[in-house]
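**Student:** Fold the following for me, if possible:
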Amino acid sequence: MARMTSSARPLLNRRLAEFGTTIFAEMSALAVRTGAINLGQGFPDTDGPEEIREAAVRALREGRGNQYPPGPGIPELRTAIAAHQLRRYGLSYDPDTEVLVTAGATEAIAAALLALLEPGDEVIAFEPYYDSYAASIAMAGGTRVPVTLRPHRERGAGFRLDLDELRAAVTDRTRLLLINTPHNPTGTVLTRAELTAIAELAVERDLLVVTDEVYEHLVFDDAEHLPLASFPGMRERTVTIGSAGKTFSFTGWKVGWVTATPELVTAVRSVKQFLTYVASGPFQYAVAEALALPDAYFAGYRADMLARRDVLAEGLAEAGFEVFRPAGTYFVTTDIRPLGEKDGFAFCRALPERAGVVAIPNAVFYDDRDAGAPFVRFAFCKREEVLREAVERLRRL
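**Tutor:** As a prediction, the model looks like this:
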């Protein structure tokens, strides 16, 4: 077979050498092969509101969005995003200069980090973190510095942030904090006190902040989502990322957005235009209508997901897992050691054959794989009857 290149250098850029096929692709393929219930990848098994789906169909039929939409996003959606931020959080953004529509939150994260980092800049992120964070930091030539969220069983608070550890992680090379709240995969929702401390640290050390808030409408019990940009000194240094996929159950539409100052939005847009250029034309019109849905929709959606959380969390506990009940997102993190297991990778790869269920090993979200080894994540964004069947299967363990 002929060589593809005369160079001995590997074909894949060395910055990405540690990243192979994502665990989500691997486990979803395993679900298909075995017929297992897929509680691994976070996508709903039902579509969102019918009127929003029809809004996309209407846009297609009327020829709106079938060609390239404007680079920053269609005006209707940018206006709807700005109105949503003002109505929900009292944050005022100019839709013409301070809002950017992206191909989902994943592109928004990548574009923001590519725009704001120079090679060698340090980025602090809360470990465990969504796998695209590490890849995006690597593509930008940055250095990721994990601050680990750890379980606090005695407080019944799930995984919590150690603020002293966060402060100690900041060095003269730190450029940016990458914050995720509500947090995937642990379900942690940062408190007002924690966010205040983060804001004070960012101002004191003159740090930029990128906040991934895609689960903003999925907070439970007494938790409250508070955008970091609303804290003193943060409006001018924060890039806030949102998404329609998680809130409206249309993950395949890939409609995300950035809100920030004109200078920060310009920087992110300068990169975004060379990634997808534009995307999701007709769906942008539909999401504009979705963001204007009445508060009853958001309350009902949250209540529905809360009920599903409780079905899965209680079932997992009955099956023998230690369960960390999430305050946000639609994921439950568990500890498998009460089952006599300690290796999340081996457990998840065997689980489809053992019980007919797919989950995700949290170790993929850690730099320190040993720290994440006993933790496994399950998604509850599925129909209740599917969750109950999955729980029944897991009882075989």
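
**Student:** Please name the nearest non-neighbouring residue to residue 396.
**Tutor:** Leaving aside its chain neighbours, residue 396 sits nearest to residue 355 (5.3 Å; criterion: C-beta to C-beta, 6 or more residues apart in numbering). Glycine gets a C-beta too; all of them are placed from N, C-alpha and C.

**Student:** Low-confidence regions, this protein specifically.
**Tutor:** Along the chain, the model assigns pLDDT under 70 to residues 1-7, 154-157.

**Student:** need the helices for it, in chain order.
**Tutor:** 23-34, 50-61, 75-89, 104-116, 131-139, 163-169, 192-205, 245-248, 262-272, 281-291, 295-318, 344-355, 369-372, 384-394 (DSSP state H).

**Student:** Report the distance from the third one to the chain centre.
**Tutor:** On the basis of C-alpha atoms, centre = their mean, to the nearest Å, helix 75-89 is displaced by 20 Å from the centre of the chain it belongs to.

**Student:** Likewise for the last one?
**Tutor:** Relative to its parent chain, helix 384-394 has a centroid offset of 25 Å by C-alpha atoms, centre = their mean.

**Student:** what does the fourth one give?
**Tutor:** On the basis of C-alpha atoms, centre = their mean, the separation between the geometric centre of helix 104-116 and that of its chain is 12 Å.

**Student:** before we move on, what about the fifth one?
**Tutor:** Mean-position distance between helix 131-139 and its chain equals 13 Å (C-alpha atoms, centre = their mean).

**Student:** the inter-axis angle of that helix versus helix 23-34?
**Tutor:** Orientation of helix 131-139 against helix 23-34 (axes from the mean of the first three to the mean of the last three C-alpha atoms, to 10 degrees) gives an angle of 140 degrees.

**Student:** same thing with the longest one?
**Tutor:** For helix 295-318 against helix 23-34, the angle between stretch directions is 70 degrees (the same axes, to 10 degrees).

**Student:** pull the CA atoms of helix 295-318 into CSV?
**Tutor:** Written as CSV, here are the backbone C-alpha positions of helix 295-318 (Å, rounded to 0.1, in the frame of the first residue of the first chain):
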residue,chain,number,x,y,z
ASP,A,295,-43.1,31.1,31.4
ALA,A,296,-45.6,28.2,31.8
TYR,A,297,-43.6,26.3,29.1
PHE,A,298,-40.3,26.6,31.0
ALA,A,299,-42.0,25.7,34.3
GLY,A,300,-43.7,22.7,32.9
TYR,A,301,-40.6,21.5,31.2
ARG,A,302,-38.6,21.7,34.4
ALA,A,303,-41.3,19.9,36.4
ASP,A,304,-41.4,17.1,33.8
MET,A,305,-37.7,16.6,34.0
LEU,A,306,-37.7,16.8,37.8
ALA,A,307,-40.2,13.9,37.8
ARG,A,308,-38.0,11.9,35.5
ARG,A,309,-34.9,12.7,37.6
ASP,A,310,-36.6,11.2,40.6
VAL,A,311,-37.7,8.1,38.8
LEU,A,312,-34.1,7.4,37.7
ALA,A,313,-32.4,8.5,40.9
GLU,A,314,-34.6,6.4,43.1
GLY,A,315,-34.4,3.4,40.8
LEU,A,316,-30.6,3.6,40.7
ALA,A,317,-30.4,3.8,44.5
GLU,A,318,-32.7,0.7,44.7
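
**Student:** what comes up buried for it?
**Tutor:** Across helix 295-318, burial judged by 16 or more other C-beta atoms under 10 Å covers 297-298, 301-302, 305-306, 308-309, 311-313, 315-317.

**Student:** what's the neighbour count on residue 47?
**Tutor:** Close neighbours of residue 47, defined as other C-beta atoms under 10 Å, add up to 13.

**Student:** Next one: it relative to residue 146, how far apart?
**Tutor:** 36 Å (C-beta to C-beta, to the nearest Å).

**Student:** looking at the helices of the chain, which is closest to residue 43?
**Tutor:** Judged by C-beta to C-beta, the one of the helices of the chain that comes nearest to residue 43 is helix 245-248, at 8.2 Å.

**Student:** Return the set of buried residues in that closest one.
**Tutor:** Buried positions in helix 245-248, judged by neighbour count with 16+ other C-beta under 10 Å: 245-248.

**Student:** wait, which of those residues is closest to residue 74?
**Tutor:** Distance to residue 74 across the buried residues of helix 245-248 (C-beta to C-beta) is lowest for residue 248, with 16.7 Å.

**Student:** Nearest spatial neighbour of that closest one, chain-adjacent residues omitted?
**Tutor:** Nearest residue to residue 248, sequence neighbours excluded (C-beta to C-beta, 6+ apart): residue 48, at 4.1 Å.

**Student:** Touching, the one you found and residue 249? I think so.
**Tutor:** Yes: under the criterion of C-beta atoms under 8 Å, residue 48 makes contact with residue 249 at 3.7 Å.

**Student:** Now do stretch 269-282: distance from first to last residue.
**Tutor:** Start and end residues of stretch 269-282 are separated by 20 Å (C-alpha to C-alpha, to the nearest Å).

**Student:** Quick one: residues in contact with it.
**Tutor:** Applying C-beta atoms under 8 Å, 6 or more residues apart in numbering, the external contacts of stretch 269-282 come out as 56, 59-60, 64-72, 74, 100-103, 107-108, 110-112, 114-115, 253-255.

**Student:** neighbours of the residue nearest to residue 309 when sequence neighbours are not counted, just the number please.
**Tutor:** Excluding the flanking residues, the one nearest residue 309 by C-beta to C-beta, 6+ apart is residue 380, at 5.3 Å. If you count neighbours by other C-beta under 10 Å, residue 380 ends up with 26.

**Student:** surely residue 380 meets residue 312?
**Tutor:** Yes: counting by C-beta under 8 Å, residue 380 touches residue 312, with 4.2 Å between them.
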